[in-house]
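A.B. asks: Let's see this in three dimensions:
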Amino acid sequence: MNEAVALPPGESCAGWVAVHAIDFYNDVSTIWAVMAEDPYLNSFQAGEGFPSGVEYRWSEGTGRDATTVKVSAPVYIEKVLHWIAEQMNDETKFPDDDDEEEALRVFQTPQFAALCGQIFRRLFRVYGIVYSSFFGTLEALGMAPHLNTCFKHFMFFCTEFGLLPEREIEPLEVLVKPIRKQYYVGKQGQLSG
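C.D. replies: Next up, the predicted model:
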């Protein structure tokens, strides 16, 4: 999997991150879609369903008008997926690669780097919620292997490009630590091989 996440020769790093942001969003959306109609999701109150020791809140608005809203984990996931879709569908933020020159110009801006950082952090949080509150459901549906593979790919990529701050990883440290170990062992094998 190390080779799958490595930047190919001649590829723009920012473009590579953009393509993977879309792929990982699609993975998470597919996993969530399997559960989205489950009536169990309606049983969560605001502030419930998050990994142990954390509660993710949603910011409504921007700048000085922004307010933080306490939501349930399922509502948080819905808001994250909707927000990411809006960002990716905005061609000023995620340009279509038909115009490669324009896409590269946008991908190399600090604003794009910040946006991708936010997308990857929020996708990680969705994985955290899914593992802490919905893993049993996905396991019963036979989706756990798919979830685990998607998360491993996501973590290998995030580790390769340093996309997640350590403080974000703490709630899932028990899952992340062995995956990172596999990543570093594989990376060491690539370097010595």
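
A.B. asks: Tell me, what's the model's pLDDT at the residue positioned nearest the centre of the chain?
C.D. replies: Nearest to the mean C-alpha position of the chain, by C-alpha atoms, centre = their mean, lies Leu123 at 2.3 Å. pLDDT recorded at Leu123 is 98.

A.B. asks: surely Phe157 meets Ala21?
C.D. replies: No. The criterion here is C-beta atoms under 8 Å, and Phe157 misses it with Ala21 at 9.5 Å. Heads up, the C-betas are built off the backbone N, CA and C, glycines and all.

A.B. asks: quick revisit: and the residue nearest to the centre of the chain, which of the three is it?
C.D. replies: helix (DSSP: H, G, I helix; E, B strand; the rest coil).

A.B. asks: State the distance from Arg57 to Gln190.
C.D. replies: 40 Å (C-beta to C-beta, to the nearest Å).

A.B. asks: Looking only at neighbour counts, state which of the two leads.
C.D. replies: Between Arg57 and Gln190, Arg57 has the larger neighbour count (other C-beta atoms under 10 Å), namely 14 against 11.

A.B. asks: Next one, pLDDT for the nearest residue to that one once chain neighbours are set aside please.
C.D. replies: Leaving aside its sequence neighbours, Arg57 sits nearest to Thr68 (C-beta to C-beta, 6 or more residues apart in numbering; 4.7 Å). Listed pLDDT for Thr68 reads 92.

A.B. asks: Okay, and the beta partners of Thr68?
C.D. replies: Ser59 (DSSP bridges).

A.B. asks: Glu102: how many residues sit nearby?
C.D. replies: 14.

A.B. asks: ok, and what's touching the helix-or-strand element of the chain with minimal mean pLDDT?
C.D. replies: The helix or strand of the chain with the lowest confidence, counting by mean pLDDT, DSSP states H and E, is helix 100-107 at a mean of 83. Outside helix 100-107, the residues that touch it by C-beta atoms under 8 Å, 6 or more residues apart in numbering are Ser12, Ala14, Gly15, Val17, Ala18, Thr92, Lys93, Phe94, Pro95, Asp96, Asp97, Phe112.

A.B. asks: buried sites along whichever helix or strand Gly128 is part of?
C.D. replies: Secondary structure from DSSP states H and E places Gly128 in helix 110-129. For helix 110-129, the neighbour count (16 or more other C-beta atoms under 10 Å) marks 112, 115-116, 119-129 as buried.

A.B. asks: Show me where the chain dips below the pLDDT cut-off.
C.D. replies: 97, 193 (pLDDT under 70).

A.B. asks: Over to the closest residue in space to Lys187 that isn't next to it in sequence: give its phi and psi.
C.D. replies: Computed as C-beta to C-beta, 6+ apart, the closest residue to Lys187 that is not its neighbour in sequence is Asn2, at 5.6 Å. Dihedral pair for Asn2: phi -60, psi -40, per degrees, to the nearest 10.

A.B. asks: got a list of what Asn2 touches?
C.D. replies: Applying C-beta under 8 Å, 6+ apart to Asn2 gives the contacts Phe156, Glu160, Tyr183, Gly186, Lys187, Gly189, Gln190.

A.B. asks: Alright, that wraps it up for me.
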